[in-house]
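[1] Got a sequence here, can you build the structure:
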Amino acid sequence: MSESIQKEFMIRSNLERFLSPRVVELVTMDCLDRGEIFLKTNRLDATIIFSDVKGFTRLSEKLDPQEIVDILSQHFSLMTEVIFANEGTLDKYVGDGLVAIFGAPFPSEDHAHKAVRAGLQMIEKQEKFCDNLPPDKQFAIRIGINTGSIIAGYMGSPKRMEYTVLGEPVIIAQRLQSLADPNTIYLGRETYHRVKDCYTGEFVSRMKTPKGLKEMEIYRLMGTR
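    Next up, the predicted model:
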């Protein structure tokens, strides 16, 4: 029994870093018989969120390093709560930003809607969070959301494996985030067309995809219908 409890603790401690509690419960039960985390690498239709802090360099120049860490930790806690509440998967924190996946590791027919809803809630939570900060510590976030066929699964070396995603839709989501205005969400064409019955958007422009072989359409998310 002690060995079984230890095994379950090991699995849960790994999964809780990037999955919501409900999904952790499902995956843990599935993994216990195998004695290890078992999430296959698959090609999936999913939606990716990239979010980062606009003007983080200027903010970090004004504040003490510990103040920066404290503020970012609170910010990430709020953003992660939103992601998990909308059944998203936390891919990673990257400096002052984060990456989240909707539709993986378990397929979901409405992953684009969940991602867009999460994006709006992230902006709302961040604005309320900043209302309680002094003016010199306030900051805005910018978000890029894109949908498409990606490869998802555990990748890395035998000593350090991480659940992550690869593919052009991921790169485009990051590009959209880098172009977005403060407290604004930019959507890729596929995401916008999947959610436009429920959300309003404004066409921004067309740009070349990262490989330069196609054009991508950019839409600014305006709100719910």
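
[2] Show me the helices in this structure, by range?
    2-15, 21-32, 56-62, 65-85, 111-131, 168-179, 189-195 (DSSP state H).

[3] From the centroid of the chain, which residue is nearest?
    Taking Cα atoms, centre = their mean, the centroid of the chain lies closest to A100, which sits 1.9 Å from it.

[4] Hmm, that residue is touching L90, no?
    Yes. Using Cβ atoms under 8 Å, A100 is in contact with L90, at 5.6 Å. All C-beta atoms are positioned from the backbone trio N, CA, C, and that covers glycine.

[5] biggest strand in this structure, by residue count?
    Using DSSP state E, we find that the single longest strand of the chain is strand 140-157.

[6] related to what we said a few turns ago, out of the helices of the chain, which gets nearest to R43?
    Proximity to R43 (Cβ to Cβ) singles out helix 168-179 among these, at 11.4 Å.

[7] centre of the chain versus that closest one, how much separation?
    12 Å (Cα atoms, centre = their mean, to the nearest Å).

[8] ok, now stretch 132-139?
    On Cα atoms, centre = their mean, the centre of stretch 132-139 falls 24 Å from that of its chain.

[9] Check stretch 134-142 too.
    Remark: stretch 134-142 is offset 20 Å from the chain centroid, using Cα atoms, centre = their mean.

[10] Repeat that for stretch 123-134.
    The answer for stretch 123-134 is 19 Å, by Cα atoms, centre = their mean.

[11] same thing with stretch 217-225?
    Worked out by Cα atoms, centre = their mean, stretch 217-225 lies 18 Å from the chain centre.

[12] hey, what's E202 bridged with?
    Beta-bridge partners for E202, by DSSP bridges, are R220.

[13] ok, it touching R220?
    Yes. Counting by Cβ under 8 Å, E202 does reach R220; the two are 4.6 Å apart.

[14] Give me the more crowded residue out of those two.
    R220 (16 against 11; other Cβ atoms under 10 Å).

[15] my guess is the more buried one meets G188, correct?
    No. Judged on Cβ under 8 Å, R220 makes no contact with G188 at a distance of 11.8 Å.

[16] Grab the nearest non-local neighbour of M222.
    T200 (4.3 Å; Cβ to Cβ, 6 or more residues apart in numbering).

[17] Could you do D52 as well?
    Nearest to D52 is G97, by Cβ to Cβ, 6+ apart, at 3.2 Å.

[18] what's near enough to touch that neighbour?
    By Cβ atoms under 8 Å, 6 or more residues apart in numbering, the contact set of G97 is 50-53, 177.

[19] got it, and E127?
    N183.

[20] Tell me the spacing between it and R117.
    16 Å (Cβ to Cβ, to the nearest Å).

[21] again with L59
    28 Å.

[22] swap in P105?
    Taking Cβ to Cβ, one finds P105 at 20 Å from R117.

[23] State the distance from L133 to E109.
    For L133 relative to E109 (Cβ to Cβ), the value is 39 Å.

[24] So these two - more neighbours on which side?
    Between L133 and E109, L133 has the larger neighbour count (other Cβ under 10 Å), namely 12 against 8.

[25] The more buried one: what's its closest spatial neighbour, skipping adjacent residues?
    Closest to L133 by Cβ to Cβ, 6+ apart is I71, at 7.4 Å.

[26] Nothing else from me, thank you.
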